[in-house]
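Participant: Structure for this input, please:
(2 chains)
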Protein chains: 2
Amino acid sequence: MNHNPKIIGASIPRLDGKDKVTGRALYTDDLKFPGMLYGALHRSRLPHARIKKVDTSAAKKIKGVKDVVTGADTPQIKYGNWRLVPGSQDELPLAVDKVRFIGDEIAAVCAVDRETAIKAAEAIEVEYEELPAIYSVEEATAEGAPLLHDESPGNVSLTREISYGDLEGLLAQADYVREDFFKVHAVSHAYLEPCSSIAVPEEGGRVTLYTSTQTPYIVQCLLASTLDIPENHVRVVKTQVGGGFGGKMEMRPWEFAAAFMALRTGRPVKFTLTRSDELAFGRRRHPMSIRSKVGFTKDGKLLAKDFEVMLDGGAYNAMGPTATFLCGTFGNMLYNFQAYRYRGRHVYTNKPPASAMRGFGAPQAAFAQESQMNMAAEELGIDPIDLRLINAMETGDVIPDVATISSCGFKESLEKVRQVSGWDAKRKEKKPGVGLGIGCFSFISGGVFNWFNTKYNFAAAEVTVYPDGTAQLNTMACDIGQGPDTVLRQILAAELGIGIEKIRLVSMDTALTPKADLGTWGSRVTLMNGNAIIDAAKKIKDMLKPVLFDHLDLNQIHEIAFEDDRVLVKANPKKSMSFGECVYHALRGRRGEPLTARGYYTPRDKGLVSPAFSFGAQVAEVAVDQDTGLVTVTNTYTAHDCGVAINKMAVEGQLEGAIQMGLGYTLSEAFVMEQGRTLNTSFLDYKMPAAEDMPPSTYVEVETYEPEGPFGAKEAGEGLAIPTAPAIADAVYQATGFRALELPITPEKVLKGIGRLK
Amino acid sequence: MNHNPKIIGASIPRLDGKDKVTGRALYTDDLKFPGMLYGALHRSRLPHARIKKVDTSAAKKIKGVKDVVTGADTPQIKYGNWRLVPGSQDELPLAVDKVRFIGDEIAAVCAVDRETAIKAAEAIEVEYEELPAIYSVEEATAEGAPLLHDESPGNVSLTREISYGDLEGLLAQADYVREDFFKVHAVSHAYLEPCSSIAVPEEGGRVTLYTSTQTPYIVQCLLASTLDIPENHVRVVKTQVGGGFGGKMEMRPWEFAAAFMALRTGRPVKFTLTRSDELAFGRRRHPMSIRSKVGFTKDGKLLAKDFEVMLDGGAYNAMGPTATFLCGTFGNMLYNFQAYRYRGRHVYTNKPPASAMRGFGAPQAAFAQESQMNMAAEELGIDPIDLRLINAMETGDVIPDVATISSCGFKESLEKVRQVSGWDAKRKEKKPGVGLGIGCFSFISGGVFNWFNTKYNFAAAEVTVYPDGTAQLNTMACDIGQGPDTVLRQILAAELGIGIEKIRLVSMDTALTPKADLGTWGSRVTLMNGNAIIDAAKKIKDMLKPVLFDHLDLNQIHEIAFEDDRVLVKANPKKSMSFGECVYHALRGRRGEPLTARGYYTPRDKGLVSPAFSFGAQVAEVAVDQDTGLVTVTNTYTAHDCGVAINKMAVEGQLEGAIQMGLGYTLSEAFVMEQGRTLNTSFLDYKMPAAEDMPPSTYVEVETYEPEGPFGAKEAGEGLAIPTAPAIADAVYQATGFRALELPITPEKVLKGIGRLK
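Facilitator: Sure, this is the predicted structure:
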């Protein structure tokens, strides 16, 4: 492992931390431009209706209103992230004929101040023809259900099927077969920064959009397409982003509305959502109805799995197709078995669209799979960790055309978590009201399947080095709070052998950083951008090495190393030159041409899913109050293989955040909905765990070396969000005998489960 | 001349025009950042003094004041643009021991608002030991004069001497010899936008400076050096600039103060000067005392010239060394002669520093040279145009090691201006109070002599092309109002054969545009950046040509052309492909690597001065009121060789502006000074010509093809600022018999000259 331990594997505090805690970091809503107008949206008040008429006359008359637009004014071009399947692009920036959920965007206004804009948006009158609405996948797929989209009979927009092996035969010959049904619910990304976008018009019909996004390039492409202007007439600049978790990876109607009205009015237009907007109308995690049937030998060998999922997609596809694909993959991960059948259906309902959210289908699939493993273990009389060890994937396992497991620390993770949690002793003990449960996970390090259908590389980096010994890294990689602004500089610093403080980072401007970057999702950034950076840095080093050979008159057999801001002869480190001096000489030799190189990364020959997979296991300890049904998580233990952790502190930060989200998902967060309307639209009613709810957490790093990853690294962002729900559910079962097959595990459900409430 | 006449040579309105007239364009003072502080300077109240003590205690106590700094707090590193001669760097951002002019910066403060900052700056108490002060080059160079800088005995900071040929011998054998003394005065750049700078602190001790500058790269380097941090810890972003004319081509004390205090306080700091600051303390055009001795044969052949100039540099060198060099060059241009002696001395005085201003020494030298030509013509009995034709430079003339005249339309300019002005008839006519005079000029197209001592190329461009048929041009080239944001896009459009509206321009950010660019001065931008752009575009075309050969299965003998957004076979234009489609295929073939290329330009083997020279002649017609002495310019006629005019409308815009500046310089603008203090510090007292003062103007383009220039172009920005003063002076003489040897030609001087005032 050829890397500098002061940089790779160190715990380096976030370089953007100080700016963020002192308030100096600029988020989109912090920006103001002269002459800027403020936008507001008029949204559907019905869950399903035809639009008969939109009357904007009253709104237009309000003093200070500068523009009012409806779908009819726009180019009416549908969009969606799955450009690879154009038919999947089912959304219009502003509705034209029909609305499909309460909150569907119908019209937009901009005015000289926010209050006027809101007043004008409210003054728009829409005449509807109300249509029957459906709110669950069961209703939606029932015979004769009303259709949301004419193009999708049965309200199923996409079906993904996977099938290999002799499923029926193996299930028939299994010693033990079980079939279970699980239900998981929607939760909010609840990023701290509500969405904000500012479009600034430019000469020549161009527009620059400052926006809180995880995917500047995707926003650029889809905004251009919906505005019907050339792609590169749109420039997207990501400012600081206060979290995304999958909720900011699509183009959004207010981005379109800001740009469209900016081009019409010739003035900058800003939209900033409220928390209430976000909770009432925003993207959410897919609710799913899951059927899973598994067959084991009596020794615990998993033979076959029949996995069926209905995703409740809400009104539009959004990132639902990917979740539908990934659920099938995640149902097929972690364990080896000979036959698999997956049928995933993405179903429309008259609710706010579900979309990507941290884990991207995996938390839901894993809740089912891991709960079922725990249930099977009990009935087979095998310890759940042992049952997993029997079936666990290992390095070298291959799912043909789908995945190559080039590094896998799953078994080590299981052993470690068993040890640090005191598993064996505690599971034997069996105290009422107290329990210990386990959940495991695997996750991708970015996707291979090119659903956005980009013609560019998946990641790109531009590195420039200067005679003052510094370097500059230009990348479209998106730090949305997860830390790549630090981690990517660590990777460049390690490769060039210079201090991380020497590197200036410019990121996330589609006009100024090399194309393309697919953005932050699927835990792709460290691996993909890291590889692109290393590619660029190696080209830089090739420009610098000749300087040493010439100036030090070296025997040509030598290898050159880059360490501690010096360039040196590996076999004789005293023969060296400072990095800056070396750049100076190279620059002179190039007659003034700067030392800049671009690097790229696209996963090739790495299956269909991801170039690398993380693994891990988590044990949760709970105490359940038998009178109130309240579940308190008293401890968590996590063992985790993310390859080489580039920044240990950053990985632990991901773990803490993941546990917080996992707790909320499992125990307290849920949307209360009535006839398609979300009732809990503030953080007073939507219950996220707070700092005081966080359990102590023990973390064990299981280091493997991922050959496809930069310095051996792979993902650490999303996998950790997966295991908490099944681990807690199992612990609750151990503590109470109540096995939750539906989330969240509310006190009410616990009390009912233990017979204390009818 | 292989170019597209719809683009090259067209009259294309400025692409930034609409943004500017609608107020959408953002100048530095338009920008606001959260938490931004406002800065103010405390300036010297004496013209020459030692600083005994700076008491900031009262200032620091004022509520809202966040920082107060004096020279003692700073790294005290001297700076100046002539890095090639480090000893010439004579300025400190904030004075330490001594002040040398009224306005010399002593201390800086920043506070929560501008009013508080100004109050605090005024509350700073400086204890001085007053020193004797000097205000003219004559006083400064007199025996025993007080010294401004200990390092410069006799107050001469730099002497430039040129000598070739047998000067004394040729003067002795001349039929006609005359010696004259001229004096020219200081004027203000009077750019519409007073200087403004905002420094934004960044993590890692870095700083980004938004600033109204002509030279972002120079500001970056000198700011880093005076802050004592690595060069690339400073990022300079030029916003829109409301004129520069040479007055914004150096690092300025408020840029330092903003950055220094931003780093100390951790908050953005803005400085914006007032018009009064600009007029009282700002850079100005060099006053000069000029002695010129010339010898002719009786047939009008110029034999030799002895040219001596003392430049009144004010308190510091600023760009004075360049002006001192260039005066010597301009004294040696336009006409051929066999012997030349030049002695230029740059002299310190206790006044605000003079520096570069449009023409860079040439308006002053030309006033002397061209006036003297007119005076000699009269005495020799030769028409002034004929006298010039006898001596005029032509294409192919070479001043060894100094200049290669690779294109020259001087003689054609003389003939044209004679014709359009009705010269022959009008000069014969001789009406009292009415006159016609001529002045001629030559100017550089950027400099060769690398006084800033950059190790990078002089100009760089990055071009990226996209499958949507658009292109992006990244350049550090500075549009300060003169038009390169349009002209450089014309050049790229012409070279790539695409519409100018297809090109997005990103300019003037030292972190994001390729290094380096020396900025806007010396009329360098069109030629130097244009060449860099063509270099980059040719590389792009080389990436695209193979696509056509492959996809159209072409005979390999074909040449490929780029026209009208298509790529085509030159011999058979029907065989073609759209530009965007061609890029698409190239991108696919490159497996996702974007089509980006960088181009560079550095003049090589082009002498010491400039790669190309413009030429021209101007005739001015005046009416002089014999009672008031008021000179009214009633008409101007200009013939001008700027090579191929890329944008005719832009060239004419330069001419209009140049005439306006020339009128002011010649007739009305002057600083009224008393003991080193400038008294006229508003546009009420400092008299610039207004729109109503502008004479009708006739313009004739004399097109040559400059082989070193992009599409045959050379400079058109500064040369036009040169001829107006001698032309008017000559016309006044024709009208009144009064020959002005000093500028400005005020009514008072005219009345004295014609004996109407004592």
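
Participant: Now do the buried residues in stretch A:724-739.
Facilitator: A:724-736, A:738-739 (16 or more other C-beta atoms under 10 Å in any protein chain shown). C-beta: built from backbone N, CA, C; applies to glycine.

Participant: for the residues you listed, which one is nearest B:Gly396?
Facilitator: Set against B:Gly396, the nearest of the buried residues of stretch A:724-739 by C-beta to C-beta is A:Thr724 (82.9 Å).

Participant: quick one: low-confidence ranges for chain A?
Facilitator: Chain A contains residues with pLDDT under 70 at A:1-3.

Participant: how far away is the residue of it most remote from its centre from A:Pro146?
Facilitator: Relative to the C-alpha centroid of chain A, counting by C-alpha atoms, centre = their mean, A:Asp553 is the outermost residue, at 51.2 Å. Noted for A:Asp553: a distance of 82 Å to A:Pro146, by C-beta to C-beta, to the nearest Å.

Participant: before we move on, back to that, show only the entries of the buried residues of stretch A:724-739 found in helices.
Facilitator: In helices, defined here by DSSP state H, the members of those are A:724-736.

Participant: quick one: which two of these are the most distant?
Facilitator: Longest span within these, C-beta to C-beta: A:Thr724 and A:Thr736, 17.9 Å.

Participant: C-alpha coordinates for stretch A:622-640, PDB please?
Facilitator: Taking Å, rounded to 0.1, in the frame of the first residue of the first chain, the C-alpha atoms of stretch A:622-640 are listed here in PDB:
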ATOM      1  CA  VAL A 622     -32.100  -1.500  22.600                       C
ATOM      2  CA  ALA A 623     -34.100  -1.000  25.700                       C
ATOM      3  CA  VAL A 624     -37.900  -1.200  25.300                       C
ATOM      4  CA  ASP A 625     -40.200   0.500  27.800                       C
ATOM      5  CA  GLN A 626     -42.900  -2.200  28.300                       C
ATOM      6  CA  ASP A 627     -45.400   0.400  29.500                       C
ATOM      7  CA  THR A 628     -45.000   3.100  26.800                       C
ATOM      8  CA  GLY A 629     -43.600   0.900  24.000                       C
ATOM      9  CA  LEU A 630     -40.800   3.400  23.500                       C
ATOM     10  CA  VAL A 631     -37.700   1.900  22.000                       C
ATOM     11  CA  THR A 632     -34.400   3.400  23.100                       C
ATOM     12  CA  VAL A 633     -31.300   2.500  21.200                       C
ATOM     13  CA  THR A 634     -28.600   2.200  23.900                       C
ATOM     14  CA  ASN A 635     -25.600   1.300  21.800                       C
ATOM     15  CA  THR A 636     -24.500   0.500  18.300                       C
ATOM     16  CA  TYR A 637     -21.500  -1.400  17.100                       C
ATOM     17  CA  THR A 638     -20.400  -1.200  13.500                       C
ATOM     18  CA  ALA A 639     -17.700  -3.000  11.600                       C
ATOM     19  CA  HIS A 640     -17.200  -1.700   8.100                       C
END
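
Participant: packing partners for the longest helix seen in chain A?
Facilitator: Identified as the longest helix of chain A according to DSSP H is helix A:525-551. For helix A:525-551, the elements it packs on are strand A:459-465, strand A:471-475, helix A:484-496, strand A:560-563, strand A:566-569, strand A:572-578, helix A:579-589, strand A:595-601, judged by 3 or more C-beta pairs under 8 Å, 6 or more residues apart in numbering or on different chains; DSSP states H and E.
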